[in-house]
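> no FASTA, just this:
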């Protein structure tokens, strides 16, 4: 029964001599208000997360790299949005929504390898190098590459089947951006 339905008072309470704030009505009213307050604080249940494809996997990896140093700042968020816009031809609002989905996927995913393997199995070598370049752009977006960020990037690189030389090339391209 909805909170609004529970809050309706019947005319029968008036017929038996109770006023609108009589004892029985007051108890119903208090119960109703408590129910409505508690209902207002309940968060809606989130829908199921989409099954990640190579685009969502790369987005989740970018978020994971950005969060790995425990400092997920606005520069990194903006960079991820710009990368999603550039890589996938999205409008800014679409890129922000995609990043939000990627943040949820990153939070729910147990390890980096899952995303890296998905990218490895679904895209070409050139696209994987471009994905690594995007990860380097995120690492470098705040002007300082932290060891934790590089460690996550290296795990993603290995899962994507790329070499250290590929990483060096991708980093050089990212620095040129």
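Ah, there it is. The structure presented is a predicted model; accordingly, all values stated were derived computationally and were not measured. Residues are numbered from 1 along each chain as shown.
> is it true that residue 138 touches residue 62?
Yes. In terms of C-beta atoms under 8 Å, residue 138 counts as a neighbour of residue 62; the distance is 4.8 Å. C-betas here are computed from N, CA, C, even on glycine.
> more crowded one of the two?
Neighbour totals were compared for residue 138 and residue 62, and residue 62 leads with 31 against 26 (other C-beta atoms under 10 Å).
> Please give me every residue in contact with that one.
Contact analysis of residue 62 by C-beta atoms under 8 Å, 6 or more residues apart in numbering lists 80, 83, 102, 134-135, 138.
> helix or strand for the spatially closest residue to residue 177 that is not a sequence neighbour, which one?
Of all residues not flanking residue 177 in the chain, residue 137 sits nearest, at 5.9 Å (C-beta to C-beta, 6 or more residues apart in numbering). Here residue 137 sits within helix 125-140, counting by DSSP states H and E.
> pLDDT averaged over that helix - what is it?
For helix 125-140, mean pLDDT rounds to 95.
> Over to stretch 68-83?
The model assigns stretch 68-83 a mean pLDDT of 92.
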